[in-house]
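**Q** Here's a sequence, model it:
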Amino acid sequence: MGELIMMPSRNSEAQNAHRSAETETPICEATSSPMSSDDSAEAAEVAANENEVAHRAEVVCIRREERSAEAADIAVWKSAPRERTPSYFPVYSSVSKAMQGALRGWVGEWFQEHPEILLRPHTAYAILVYKCTHPFAGKATNIFTYDIQQTEALDRAFASAAHRLGGLLKTIDTKRFSWLTREHYFAYRSKEVVKYVARNRRALYKMLNVETVLMNSILKFAVVDINKLGLAEAYSVLRREVHKNLKRFSDEFDLSQHTDELLRIITNALLTKQAAEMALPLAA
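**A** Okay, the predicted model is just below:
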């Protein structure tokens, strides 16, 4: 007897053909794609690397230009006045006042950003009084900052603070605090605040002494170290001294982030004053 052969139905053939089409990738589709996903990722990575290299090159160029500009600026210190020359006092007095003004500005900014310091009047008073002292104009000897060893100089500091503190207290917003805190900062109490700091001088002394140390470092840099070490090394020494002393300016905050800014400020002050000194004979 012969075997019964079952022929596949047309529906079965169609289903098998459909499954085969799903499991196999047509050659025409594989070859017509511009690139695979791996190739796309690799190309994107290459492009990103190229952009990163270009960015780094740009940063290097910018930094090189900044260093060149800084080197050109600090070169002015080679011609800074020496001791016993007519321009010594007026030039360094201007440099000192620029430095003192910058410090007071940064202290004021810190105070505004940290109003919680008002909860501690003992500390806040010293900061406020320092902020309100007028930058020391200097004396025709070699004194360019408030000397904490000289009673006369300190009296002048406290007097200048008393003159300006009342106006500053009027601008302080204490509404968020309790009445007990607010009453410490009423404008009519400005003289009492100054007297309090005059009796408790440690914090104020620390700030004024840092000013003196900074100015001494500037004078040493300009008058001694440039000739002794060369401009680049002397400037490096000055920067370290400025950074160190700004860091220890106060027990409450650190001003060392302003190191390079302060160096630019005193250099600009030197440039400006020297230009004015050179123009004086022409004006006469």
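
**Q** how many other residues sit next to the nearest residue to E183 once chain neighbours are set aside?
**A** Excluding the flanking residues, the one nearest E183 by C-beta to C-beta, 6 or more residues apart in numbering is R189, at 7.9 Å. Heads up, the C-betas are built off the backbone N, CA and C, glycines and all. Neighbourhood size, R189 [other C-beta atoms under 10 Å]: 16.

**Q** again, but for S79
**A** S79 - counted by other C-beta under 10 Å - has 10 other residues nearby.

**Q** Find the nearest non-adjacent residue to it, please.
**A** Distance criterion C-beta to C-beta, 6+ apart; nearest residue to S79, sequence neighbours excluded, is Q274 at 7.1 Å.

**Q** wait, the one you found sits on K78?
**A** No: Q274 is not in contact with K78 according to C-beta atoms under 8 Å; the separation is 11.4 Å.

**Q** and these two? which has more neighbours close in?
**A** Under the criterion of other C-beta under 10 Å, the comparison of Q274 against K78 puts Q274 first, with 17 against 11.

**Q** N216: what's it in contact with?
**A** Neighbouring residues of N216 by C-beta atoms under 8 Å, 6 or more residues apart in numbering: there are none.

**Q** so it, which of the three states?
**A** Under DSSP: H, G, I helix; E, B strand; the rest coil, the three-state class of N216 is helix.

**Q** what are the ranges of the helices in the stretch 1-150 of the chain?
**A** Per DSSP state H, counting those that start in this stretch, the stretch 1-150 of the chain carries helices over the ranges 10-23, 27-32, 37-74, 88-113, 121-132.

**Q** what mean pLDDT does the shortest one have?
**A** What that stands for is helix 27-32. Per-residue pLDDT over helix 27-32 has a mean of 39.

**Q** can you check stretch 210-226 too?
**A** 97.

**Q** cool, stretch 177-187 as well?
**A** Throughout stretch 177-187, pLDDT has a mean value of 94.

**Q** Using neighbour counts, pick out the buried residues of that stretch.
**A** Under the neighbour-count criterion of 16 or more other C-beta atoms under 10 Å, stretch 177-187 has 177, 184-185 buried.

**Q** I'd like to check what contacts that stretch. Which residues are they?
**A** 118-119, 121, 124, 166-167, 169-170, 172, 174-175, 189.

**Q** Any idea how far apart the tips of it sit?
**A** End-to-end distance for stretch 177-187: 16 Å, by C-alpha to C-alpha, to the nearest Å.

**Q** The chain should start at 53 in everything you say after this.
**A** Understood, numbering begins at 53; the last thing we discussed is stretch 229-239.

**Q** roughly how far out does it sit from the chain middle?
**A** How far stretch 229-239 lies from its chain's middle: 32 Å, per C-alpha atoms, centre = their mean, to the nearest Å.

**Q** ranking the helices of the stretch 53-202 of the chain by mean pLDDT, which is last?
**A** Lowest mean pLDDT within the helices of the stretch 53-202 of the chain: helix 79-84, a mean of 39.

**Q** just the helices in the stretch 203-336 of the chain please.
**A** Using DSSP H, counting those that start in this stretch, helices in the stretch 203-336 of the chain cover 203-223, 231-234, 242-251, 254-272, 278-281, 283-299, 311-335.

**Q** of all the ones you listed, which lies closest to R156?
**A** helix 254-272 (9.5 Å; C-beta to C-beta).

**Q** Could I get the buried residue list for that closest one?
**A** Those would be 255-256, 258-267, 269-272, for helix 254-272 by 16+ other C-beta under 10 Å.

**Q** repeat for stretch 138-145
**A** 140-145.

**Q** Contacts for that stretch, please.
**A** 132-134, 189-190, 192, 194, 196, 267, 270-271, 274, 322, 325-326, 329.

**Q** Check stretch 200-211 too.
**A** With C-beta under 8 Å, 6+ apart as the criterion, stretch 200-211 contacts 181, 185-186, 188, 195, 198-199, 246, 249-250, 257, 260-261, 264.
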